[in-house]
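Trainee: dropping a prediction and its sequence here:
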Amino acid sequence: MESISAEIGGRELIIETGHMARQAGGAAVMRYGDTMVLVTATSDKREQPPRGFLPLAVHYVEKMYASGKIPGGFFKREGRLSDPETLISRFIDRPIRPLFPDNYNYETQVIATVLSTDHLNEPAIAAMTGTSAALMISDIPFAGPIAGVRVARVDGEFLINPYPEQAEQGDLNFIIAGSKDAILMVEGTAKEVPESVALEAILFGHKAMQPLISMQEKLQKKIGKNKRVVVPVKIDAKLMKDVEKYCQAKLGKALQVKDKGERYESLDALGQETLDKFYNPERDDESVGKTVKGIYGDLKKQVMRERILKDGARVDGRSLTDVRPITCEVGVLPRVHGSALFTRGETQALVAVTLGARDDEQLIDNLAGVSFKSFLFHYNFPPFSVGETTFLRGPGRREIGHGFLAEKAVTALLPRKEEFPYTIRIVSEILESNGSSSMASVCGASLAMMDAGVPIKAQVAGIAMGLIQEKKKTAILSDILGDEDHLGDMDFKVAGTEEGVTALQMDIKISGIDKKVLEAALQQAREGRLHILNIMNETLTSARQGLSQYAPRFVAYKISREKIRDLIGPGGKMIRGIVEKTGAKVDVNDDGVVAISSRDHAAVDEALEMVKSITQEIEIGAVYHGPVKKVLDFGAFVELTPGTDGLVHISQLKEERVENIEDVIKEGDMVTVKVIGFDKRGKLKLTMVMN
């Protein structure tokens, strides 16, 4: 067994190998405190036919035993990956994918299994570096090493791999992956921080991860396997030249068609024309056809990139900084609590907001324990949005990732639970897509929440930035199209308000970007975001007053903890009576917060009055009006509030002496009394108030 360690975030991180999972291509056990993650990287020995993409699968798996828990549910075992596990799998996949050879056609699988967690040192962050370590010591060709860290800012100070409580207190929380010389991925949230702070955090994280990269280099030199040799694909130089000569000029014209559908038709037609020109299935081997298609695809990418770098002209004719035309509509769905239709060029998001009560919260059961989530953001990408007819299935990794990013972008603007105690669900339906539907979802969500009357303090907008980089030439693109995303070198999404950044997501398809490019991209993104916000503010600048008549009314009322028992009553009698009489939902938590909700707004008012009546504090000297519950020889018991009564002694019924109590008062009478104190047993003493 080999072991190597480094100090990260003030704690020792250890990489061990050679002890567990020895038949995997490469295996590394990451130990960070009492958190342990086993990461394996294995690649099939049989090469597969080229598919046009890297056959890589990354799975981050949390085992409940790692936290000393038995899984819930009927089967009592781990099932399909949860949304958080899927998101972390994406975080790991994104920075490593560009670092494999272009023509690596071997099925490759990375599995990161959480074996133990101390709830302080984050297993996901350890898994990112562990993935690189497993790949480095394996025979899999990989242009690493890389490492991952989390950066938070608390009280103006940056922290590396903060504990969960520290991260919650901060105003910035980024996951950053990078190599020795460059930044590869950023994902995170912030509370309207300036772009300069976001950049500083990214650079701080990149510097802090260097010991993790150095220790992997040392480990590889010591025990790393010989890497597989990937033979570059040889392309017929004459065929390449002939194809280029035949279609390069035609490609330039086809790429200038502004409409996406028409452009794709032109490009497909030219591709088929080129294939027919240079490939005869009756005469040529099938590989010739594949080669012609490959040359045409590479040439299409080259022509588009050269045109942008040389002339600053994009596919749809915009300049590098132009944002496509935007329209904003709100209240488009009459029965929905809040809705918006956000259209930017050929990308369109229909966003709906639904308000619910406490029992609509999502139950989360994971390694950290059971919790409830009251803000949900779901993103749907149906095939018709891109003119396709693929099989309709549940959300995949992309949908989950886009929804998570949009959710984090608007979370910083949500009102506190005490101010707006609703469960909020946002659903973004992508109706058209040609670039950055996740950022359209952010804009639509902001507008829809304001339309629903959710008191967010400002509009939130998002924009996707692109990059074309060849040697010393660089072009940063605002509001990228789908083609520019696919054929470009970077997808950098930035969301925020006029005040600052609330979310970032950056993916790099090259070996990384430097500080200068990142700084310029952030500034250009700010300018684009402010432009979008100006257009959104022409539609709504603040939340509507009041809620939709179709939204449930929800109020929260605080009672003393001592009164919780009175409100619930014996066997739940009191609270059940309120529900049966009014039809409203009534919940009370251990802190004394009573949540009342109903679609019948009058029912909420009635239930609230009943709660107040039951739980009001009895004050000495206060006057109450209530029924006589019981008459005895020495006095009468009067109910002041439901469940609370006091005794009017016979001597307190009238100023003159009373011989027979029933001559003055009878059971069921409504009387007015005043609280004058407590007897020796702590029972309330009352006196009659004469009308």
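Mentor: Thanks, I have the structure now.

Trainee: in the chain, where's the longest helix?
Mentor: helix 286-311 (DSSP state H).

Trainee: which strands or helices does the next helix or strand along the chain from that helix pack on?
Mentor: Sequence-wise, the next helix or strand downstream of helix 286-311 (DSSP states H and E) is strand 326-330. Here strand 326-330 touches strand 338-344, helix 437-452, helix 515-537, going by 3 or more CB pairs under 8 Å, 6 or more residues apart in numbering; DSSP states H and E. Any C-beta I mention is one placed from the backbone N, CA and C, and that applies to glycine too.

Trainee: contacting residues for residue 44?
Mentor: 106-108 (CB atoms under 8 Å, 6 or more residues apart in numbering).

Trainee: please point out which parts of the strand or helix carrying it sit buried.
Mentor: Using DSSP H and E, residue 44 maps to strand 35-47. By neighbour count on 16 or more other CB atoms under 10 Å, the buried set for strand 35-47 is 35-43.

Trainee: and what about the residue nearest to residue 665 when sequence neighbours are not counted, helix, strand or coil?
Mentor: In space, and not counting its chain neighbours, residue 665 is closest to residue 636: 5.2 Å by CB to CB, 6 or more residues apart in numbering. Following DSSP: H, G, I helix; E, B strand; the rest coil, we place residue 636 in the strand state.

Trainee: can you name the residues bridging to residue 636?
Mentor: Per DSSP bridges, the residues bridged to residue 636 are residue 631, residue 648.

Trainee: quick check: it vs residue 650, distance?
Mentor: 8 Å (CB to CB, to the nearest Å).

Trainee: repeat that for residue 284.
Mentor: 115 Å.

Trainee: which intervals of the stretch 1-150 of the chain have sub-threshold pLDDT?
Mentor: By pLDDT under 70, the stretch 1-150 of the chain has no low-scoring segment.

Trainee: how about the helices in it?
Mentor: 83-96, 123-137 (DSSP state H, counting those that start in this stretch).

Trainee: quick one: contacts for the residue nearest the centre of the chain?
Mentor: Residue closest to the average C-alpha location in the chain (CA atoms, centre = their mean): residue 404, at 2.4 Å. With contact set as CB under 8 Å, 6+ apart, residue 404 has these partners: 83, 87, 377.

Trainee: which residue is the nearest non-sequential neighbour of the second one?
Mentor: On the basis of CB to CB, 6+ apart, the spatially nearest residue to residue 87 that is not a chain neighbour turns out to be residue 404, at 5.5 Å.

Trainee: do the same with the first one
Mentor: Once flanking residues are discounted, residue 83 sits nearest to residue 400: 5.4 Å by CB to CB, 6+ apart.

Trainee: and what of residue 634?
Mentor: Nearest to residue 634 is residue 650, by CB to CB, 6+ apart, at 5.7 Å.

Trainee: ranking by neighbours, what's the top pick from the contacts of residue 404?
Mentor: Within the contacts of residue 404, neighbour counts (other CB atoms under 10 Å) peak at residue 377, which reaches 23 neighbours.

Trainee: now it. Its backbone dihedrals?
Mentor: The phi/psi pair for residue 377 (degrees, to the nearest 10) reads phi -130, psi 120.

Trainee: residues in contact with it?
Mentor: 403-404, 406-407, 410, 425-426, 428, 445.

Trainee: among those residues, which lie within strands?
Mentor: The strands, defined by DSSP state E, take in 425-426, 428 from the contacts of residue 377.

Trainee: so which of those comes closest to residue 617?
Mentor: Nearest to residue 617 among the ones in strands among the contacts of residue 377, counting by CB to CB, is residue 425 at 37.0 Å.

Trainee: quick one: contacts of stretch 278-297?
Mentor: With CB under 8 Å, 6+ apart, stretch 278-297 has contacts from 50, 235-236, 239-240, 242-244, 246-247, 271, 274-275.

Trainee: let me redo that: stretch 198-212
Mentor: Here stretch 198-212 has contacts from 6-9, 13, 129, 145, 147-151, 153, 158, 160, 172, 174, 176, 178, 180, 183, 186, 190, 501, 504, 515, 518-519, 522, using CB under 8 Å, 6+ apart.

Trainee: mark which of those residues are buried, thanks.
Mentor: Buried among the contacts of stretch 198-212 by 16+ other CB under 10 Å: 6, 8-9, 13, 129, 145, 147-151, 153, 158, 160, 172, 174, 176, 178, 180, 183, 186, 190, 501, 504, 518, 522.

Trainee: could I get stretch 673-684 in PDB with only the CA atoms?
Mentor: Provided in PDB are the C-alpha atoms of stretch 673-684 (Å, rounded to 0.1, in the frame of the first residue of the first chain):
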ATOM      1  CA  VAL A 673     -65.500  38.300  34.400                       C
ATOM      2  CA  LYS A 674     -62.200  39.900  35.500                       C
ATOM      3  CA  VAL A 675     -59.100  38.000  36.500                       C
ATOM      4  CA  ILE A 676     -58.100  39.000  40.000                       C
ATOM      5  CA  GLY A 677     -55.300  36.500  40.700                       C
ATOM      6  CA  PHE A 678     -54.400  32.900  41.500                       C
ATOM      7  CA  ASP A 679     -55.300  30.700  44.400                       C
ATOM      8  CA  LYS A 680     -52.700  28.600  46.400                       C
ATOM      9  CA  ARG A 681     -53.000  25.800  43.700                       C
ATOM     10  CA  GLY A 682     -52.300  28.200  40.900                       C
ATOM     11  CA  LYS A 683     -55.900  28.300  39.600                       C
ATOM     12  CA  LEU A 684     -57.300  31.500  38.300                       C
END
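
Trainee: all good on my end, thank you.
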